[in-house]
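**Student:** fold the following and give me the result.
(one chain, ligands or ions: 1)
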Amino acid sequence: MSVECNICTPEDRDRIGGICERVKAEGGLPVRCAHSRSRAKVDLWLYYLQIFSTAMRKKFLHRVYIDLFAGPGYCMDRDRGEIFEGSSLAAYKLKVPFTSYILVDIDKRATDSLAKAIQLASPERSRSAYVLNMDANTDIGRILSFVPVVESCISVAFLDPSGLDIHFDTIRRLSEYKRMDILIHFSVFDLNRNLERYRVSKSKADRFFGTPDWRNHEYDRVEFYRKQLESLGFIELENAIEPHAAITTDTNATIYYPLFASKHPLALKFWRNAKKARKPDLNRDLFE
Ligand SMILES: C[S@@+](CC[C@H](N)C(=O)[O-])C[C@H]1O[C@@H](n2cnc3c(N)ncnc32)[C@H](O)[C@@H]1O
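**Tutor:** This is a model prediction of the structure:
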């Protein structure tokens with residue numbers, strides 16, 4: 001039976017900054033400390049990726065998985081005391097794999113560990129993987145140079161930082177591709193906690209929303225962000241009234257939403273199917 005991981009105090013976790021130095025995964029690799037709800041989010045994302053990669057296998061010669069905030073590979077579910085595979089490693093190990101993987105993290109400990117984890121998981125597959133120790137925003141041009149420039153190519157990108165760390169210009173660069181589906185972490189927690197700081201001009205929130213106008217949308221910021229995505233051609237978006245995934249605290253306050261965006265109706269259909277299929281299992285952790 002699993003038990004809560006009590007090795008660290010909250011202060012230890014702040015000091016260490018996400019990567020645990022005490023618990024080790026397979027191969028002695030470090031783990032990222034995470035809540036059960038992060039694990040539920042990865043499970044949902046993986047379910048979507050399975051549908052996607054199986055359906056697209058015969059249609060596109062090149063299928064690219066991009067994880068711009070990839071983490072170290074393994075995570076520790078601190079609520080249950082269990083190690084699980086984070087988004088990048090789990091996507092890499094899919095039964096029907098992508099033809100290439102672009103896995104990015106700004107933290108060298110994370111990319112070093114991830115490079116070892118994927119090598120251990122499948123040395124053959126690692127030939128099609130690029131683990132890049134880069135900044136998802138400022139290095140986005142270099143990162144995207146790893147996407148094949150051919151007609152028969154489709155890509156999926158996961159943008160899962162801890163706060164409002166994705167620049168809208170980064171999304172704009174992704175939107176330049178004809179076939180690119182994205183899942184974006186919209187951090188309600190970061191926005192609300194730092195609202196006063198973010199109200200000053202040229203703030204982190206301005207870079208996230210891509211405009212200072214978010215200040216005029218006090219009650220519908222998620223909807224406003226969706227409109228911003230739509231302006232880039234991501235017209236296949238969940239609507240405000242359908243059930244959507246939300247990461248909440250134990251007292252039901254929303255921490256963040258994983259927002260899905262695509263240019264193709266089939267991708268949105270896949271995402272809705274994934275939500276429907278996973279909802280009964282993930283209800284406690286994920287759905288509102
Ligand atoms: C919430 S974790 C990612 C979790 C990952 N999806 C998983 O399942 O393990 C966020 C990661 O983003 C990385 N990060 C933060 N800012 C970044 C940036 N500007 N560019 C690339 N990576 C960044 C952090 O080092 C951290 O590993």
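**Student:** so residue 107 sits right up against residue 19, yeah?
**Tutor:** Yes - under the criterion of CB atoms under 8 Å, residue 107 makes contact with residue 19 at 7.2 Å. C-beta coordinates here come from the backbone N, C-alpha and C atoms, glycine included.
**Student:** so what's in contact with these two at the same time?
**Tutor:** Taking CB atoms under 8 Å, 6 or more residues apart in numbering as the contact rule, residue 107 and residue 19 both touch residue 72.
**Student:** tell me who's in contact with residue 272.
**Tutor:** Shown in contact with residue 272 (CB under 8 Å, 6+ apart): 238, 242.
**Student:** average model confidence for the strand or helix carrying residue 12?
**Tutor:** In this structure, residue 12 sits in helix 10-16 according to DSSP states H and E. What helix 10-16 shows for mean pLDDT is 68.
**Student:** give the next helix or strand downstream of it.
**Tutor:** Using DSSP H and E, the helix or strand that follows helix 10-16 in sequence is strand 19-25.
**Student:** ok, that following strand: who's next to it in the sheet?
**Tutor:** Within its sheet, strand 19-25 is paired with strand 29-34 (antiparallel), according to DSSP bridges.
**Student:** starting at the chain centroid, how far to the partner strand?
**Tutor:** 16 Å (CA atoms, centre = their mean, to the nearest Å).
**Student:** can it be found next to the ligand?
**Tutor:** Yes - Strand 29-34 is in contact with the ligand by CB under 6 Å from any ligand atom, via residue 32.
**Student:** so who does residue 26 touch?
**Tutor:** Residue 26 is in contact with 74, 117, 120, counting by CB under 8 Å, 6+ apart.
**Student:** next step: these restricted to strands.
**Tutor:** Counting by DSSP state E, the part of those found in strands is residue 74.
**Student:** helices along the stretch 1-150 of the chain, start to end?
**Tutor:** 10-16, 36-56, 87-92, 108-121, 140-144 (DSSP state H, counting those that start in this stretch).
**Student:** tell me, how many residues neighbour whatever residue of the stretch 151-288 of the chain ends up closest to the ligand?
**Tutor:** Of all residues in the stretch 151-288 of the chain, residue 160 sits closest to the ligand, at 3.8 Å by CB to the nearest ligand atom. By other CB atoms under 10 Å, the residues close to residue 160 number 23.
**Student:** list the contacts for it?
**Tutor:** 41, 67, 68, 69, 71, 87, 183, 185, 258.
**Student:** buried ones among those?
**Tutor:** Buried subset of these (neighbour count, 16 or more other CB atoms under 10 Å): 41, 67, 68, 69, 71, 87, 183, 185, 258.
**Student:** ok, and which of these reach the ligand?
**Tutor:** Restricting the buried ones among the contacts of residue 160 to those adjacent to the ligand (criterion: CB under 6 Å from any ligand atom) gives 69, 71, 87.
**Student:** which residues of the protein score low on pLDDT?
**Tutor:** Where the chain drops to pLDDT under 70, the residues are 1-4, 10, 13-17, 280-288.
**Student:** one more time with 90, if that's ok
**Tutor:** The chain contains residues with pLDDT under 90 at 1-28, 33-40, 77-81, 201-202, 218-219, 240-257, 277-288.
**Student:** close to the ligand: what parts of it are there?
**Tutor:** 18, 32, 42, 69, 71, 75, 86-87, 104-107, 110, 135-137, 160-162, 165.
**Student:** now a PyMOL select for only the buried ones of those.
**Tutor:** The PyMOL command for the buried members of the residues of the chain next to the ligand (criterion: 16+ other CB under 10 Å) is given here:
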select buried, resi 18+32+42+69+71+75+86+87+104+105+106+107+110+135+136+137+160+161+165
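**Student:** for the stretch 51-200 of the chain, just list every one of the strands.
**Tutor:** Listed in chain order, the strands of the stretch 51-200 of the chain (DSSP state E, counting those that start in this stretch) span 62-67, 74-77, 82-85, 100-104, 129-132, 153-159, 180-187.
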